[in-house]
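Undergrad: What follows is a predicted structure for the sequence shown.
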Amino acid sequence: MESWKLLKLPGRDVAGFGQNLTTGEDVTLTSHEDESALAYNVFALNALTGGPGIPIYHWHGKHTNKYILIIDLRGPSLEEVFEKHGREFRAPTLVYLAEQLVARLQYIHGRSITVGKLTPYSCSVGSQQWRSPQLLIDRFSPPTGAQTFAQDLNSLGELLLYFCNGFVTWEQFQVARKNSHPFTPCGTLSVFVCELLSQNPPEYPRLKLMIEHMYNSLDVPERFLPFYNNERFISARIDSSGVLFAHLEKHLAKIGCEVKGNQSCLCEMVPSSLGLILDLYYELFIRLRPRHWKGLYLVRAHHLPNRLWRDLRWFITATTKESTIKQKSFADMIYSFLTVLFETVPHYRIYWTEYLLSQAHRQRELEVDFNRRQAWVSTIRHWEMELHRLKAMPLEWLIV
C-alpha cells in the first residue's frame, strides 16, 4: 500500500482515485461488497490481461473497512455519460454501445469468464482523450449458481433497454422490469435487443452481422462516437492536418532534445508527454483514415501507421534502462493505444495486430506476476490467430 496515494476513497457505484507514487500515474479505485467479490474481480482482471477494453489490475486489499481494487484510470461511467446527455442516447450511439460491449463479451467469454451483472456503473469510457471511444468493463460479479454466457447477453439486452427508455435511475428501471412495466421499443435496435433477451447461447458472428445491418440502416458517417472532449482535443479539431503534423514533429523533437544526455528525465514526462503524442496521432488517424469501411489497406514506409510504430519504438528503446515498473508504465499505455486503433481504425488492422503481437511479447517479458504472465501467453495466442485470419483474407480485400 506504500506505493499508492489514495486521494478519494470509492463509494457504492462511485469510483475513487489515487496515484502511483513510483510512476506518478493516476489510477481508479473501486469498492466491492465483500472479500469474495473482490477476489473474483482480481481473478477476472488477471485472466483477461491484455484484452481490449479491460483495465489493468494494480493492487487490491482492505482499507478503512472497504474492499478496494486499484485499476487503470478510467473515465466516467456509462451512467454519468447518460446523465450528461440528458438521459437520452441517439440510435447511432446505442448501436456503437452494442458493438463495443458485444466485442467485450466475446473476448471475456473466450477466456471462460462471465461478467454477471452488466450495469451502467460497471462500464465506463477511457480516461485519456485517445481512449474515450473505447468502452471498458471494470466490474465483475461472482457467479451465483450456474452463471451462463447467455445470461451475460441478457444483461446487455437489459442495459440497452434501459438506455432506450430513459429511466430516472437504474434502480427504478430494475423495479419496473420486475413489475412487468411496458417498455418503449428500441427502434433500430428492437430485433437485436430481443435476440439478446432470448437467453439463447451466444452466436457472435450473427450478432456482429446484425450490428453491421443496423449501421447500414442508419447510414452513419462515423463509426465511432467519442463521448466527451477536452479542451486540447477541441483545439486540435480546429487545426488543419498540416498544423497537427507540425505540432507532432515539434513535440517529438523537444522530447528528443530533453532526453539526449539526460536519460532520467524521460520517466518524468510520463504520462503527459507520451499522452500528448498519442492524442495528436489519434486525431491524425481519424482525419486521414480511408472513407471505405470494407477492405484492409497496404501502407508504405512513409505512411502514418509506420511513422507511428517508428516513434513508439523510440519510446520503448529509450526506457529500456529504467526500472521494470517504469518500463511497464510506458508499455501499458502504448499497448492500450494500439487496442483503440485496432477497434476504431480497422483499415490498418493487419498492422495493428502485428504491433499488438510484438507488444504482447514485450508485456509478457516485463510481467513479474506468474498468473498475468500466463494470461499474456493466451493474449499472444489471440493476436496470432487474428493475424493469421487477416492474412488469409482474399486479395481483393487488400487495397493499396
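TA: Nice, thanks for sending it over. Because the structure is a prediction, the values reported are computed rather than measured.
Undergrad: For the stretch 51-200 of the chain, which segments count as strands?
TA: Under the criterion DSSP state E, counting those that start in this stretch, the stretch 51-200 of the chain carries strands at the ranges 57-63, 66-72, 74-77, 123-126, 135-137.
Undergrad: Find the residue at the geometric middle of the chain.
TA: With distances taken as CA atoms, centre = their mean, the residue of the chain nearest its centroid is residue 53 (2.8 Å).
Undergrad: Residue 134 is in contact with that one, correct?
TA: Yes: at 5.6 Å, residue 53 counts as touching residue 134 under the criterion of CB atoms under 8 Å. Just so you know, the C-beta spots here come from the backbone N, C-alpha and C atoms, and that holds for glycine as well.
Undergrad: Between these two, which contacts overlap?
TA: Residues touching both residue 53 and residue 134 by CB atoms under 8 Å, 6 or more residues apart in numbering: 100, 339.
Undergrad: Pull the contacting residues for residue 206.
TA: Taking CB under 8 Å, 6+ apart as the definition, residue 206 has no contacts.
Undergrad: could you say which helix or strand contains it?
TA: helix 204-218 (DSSP states H and E).
Undergrad: quick one: buried residues of that helix?
TA: For helix 204-218, burial by neighbour count (16 or more other CB atoms under 10 Å) applies to 204, 207, 210-211, 214-215.
Undergrad: now these in CSV, with distance to residue 279?
TA: As requested, those are exported to CSV (distance: CB to CB, whole Å):
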residue, distance to residue 279
204, 32
207, 32
210, 33
211, 28
214, 30
215, 26
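Undergrad: and the least confident of the residues you listed?
TA: Within the set of the buried residues of helix 204-218, pLDDT is lowest for residue 215 (90).
Undergrad: Run a quick neighbour tally on the residue nearest to it when sequence neighbours are not counted.
TA: Counting by CB to CB, 6 or more residues apart in numbering, the nearest residue to residue 215 once its immediate chain neighbours are dropped is residue 95, at 6.1 Å. Look at residue 95: counted by other CB atoms under 10 Å, it has 26 neighbours.
Undergrad: List just the nearest of the buried residues of helix 204-218 to residue 287.
TA: residue 215 (20.7 Å; CB to CB).
Undergrad: Give me the neighbour count for residue 14.
TA: As a burial measure, residue 14 scores 14 neighbours (other CB under 10 Å).
Undergrad: Beta-bridge partners for it, please?
TA: Beta bridges link residue 14 to residue 11 when assigned by DSSP bridges.
Undergrad: Okay, the residue nearest to residue 40 when sequence neighbours are not counted and residue 32: tell me how far apart.
TA: Excluding its sequence neighbours, the residue lying closest to residue 40 (CB to CB, 6+ apart) is residue 142, at 4.1 Å. As for residue 142, its distance to residue 32 is 10 Å (criterion: CB to CB, to the nearest Å).
Undergrad: quick one, which of those two is more surrounded?
TA: Per other CB under 10 Å, whichever of residue 142 and residue 32 has more neighbours is residue 32, with 22 against 18.
Undergrad: Test my guess that that one contacts residue 38.
TA: Yes: with contact defined as CB under 8 Å, residue 32 reaches residue 38; the gap is 4.3 Å.
Undergrad: between these two, what contacts are shared?
TA: What both residue 32 and residue 38 touch, as defined by CB under 8 Å, 6+ apart, is the set 67-69.
Undergrad: Which among the residues you listed count as buried?
TA: The buried subset of the shared contacts of residue 32 and residue 38 (16+ other CB under 10 Å) comprises 67-69.
Undergrad: Closest one of the residues you listed to residue 337?
TA: Nearest member of these to residue 337, counting by CB to CB, is residue 69, at 23.4 Å.
Undergrad: ok, residue 197 - contacts?
TA: 154, 157-158, 161.
Undergrad: and the residue nearest to residue 215, how far is that from residue 327?
TA: 39 Å.
Undergrad: Same question for residue 38.
TA: Taking CB to CB as the measure, residue 38 falls 28 Å from residue 327.
Undergrad: neighbour count winner among the two?
TA: residue 38 (21 against 18).
Undergrad: and the helix or strand harbouring the more buried one with strand 66-72, angle?
TA: If you go by DSSP H and E, residue 38 is part of helix 35-47. Counting by axes from the mean of the first three to the mean of the last three CA atoms, to 10 degrees, helix 35-47 lies at 10 degrees to strand 66-72.
Undergrad: could you give the mean pLDDT of helix 35-47?
TA: Mean predicted confidence for helix 35-47 is 96.
Undergrad: quick check: domain ranges of the chain?
TA: For the chain, automatic domain parsing gives the domain ranges 4-74, 76-218, 231-399.
Undergrad: thought residue 354 was touching residue 386?
TA: No: Residue 354 is beyond contact range of residue 386, at 10.0 Å (criterion: CB under 8 Å).
Undergrad: pretty sure residue 50 contacts residue 335?
TA: Yes: Residue 50 lies in contact with residue 335 (CB under 8 Å); the separation is 7.3 Å.
Undergrad: In PDB, list the C-alpha atoms belonging to stretch 154-165.
TA: Output of stretch 154-165 as PDB, limited to C-alpha atoms (Å, rounded to 0.1, in the frame of the first residue of the first chain):
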ATOM      1  CA  ASN A 154     -29.400 -11.000 -21.400                       C
ATOM      2  CA  SER A 155     -27.800  -8.500 -19.100                       C
ATOM      3  CA  LEU A 156     -26.500  -6.500 -22.100                       C
ATOM      4  CA  GLY A 157     -30.000  -6.500 -23.500                       C
ATOM      5  CA  GLU A 158     -31.400  -5.100 -20.200                       C
ATOM      6  CA  LEU A 159     -28.700  -2.400 -20.300                       C
ATOM      7  CA  LEU A 160     -29.600  -1.300 -23.900                       C
ATOM      8  CA  LEU A 161     -33.300  -1.400 -22.900                       C
ATOM      9  CA  TYR A 162     -32.600   0.900 -20.000                       C
ATOM     10  CA  PHE A 163     -30.800   3.400 -22.300                       C
ATOM     11  CA  CYS A 164     -33.600   3.200 -24.800                       C
ATOM     12  CA  ASN A 165     -36.300   4.100 -22.300                       C
END
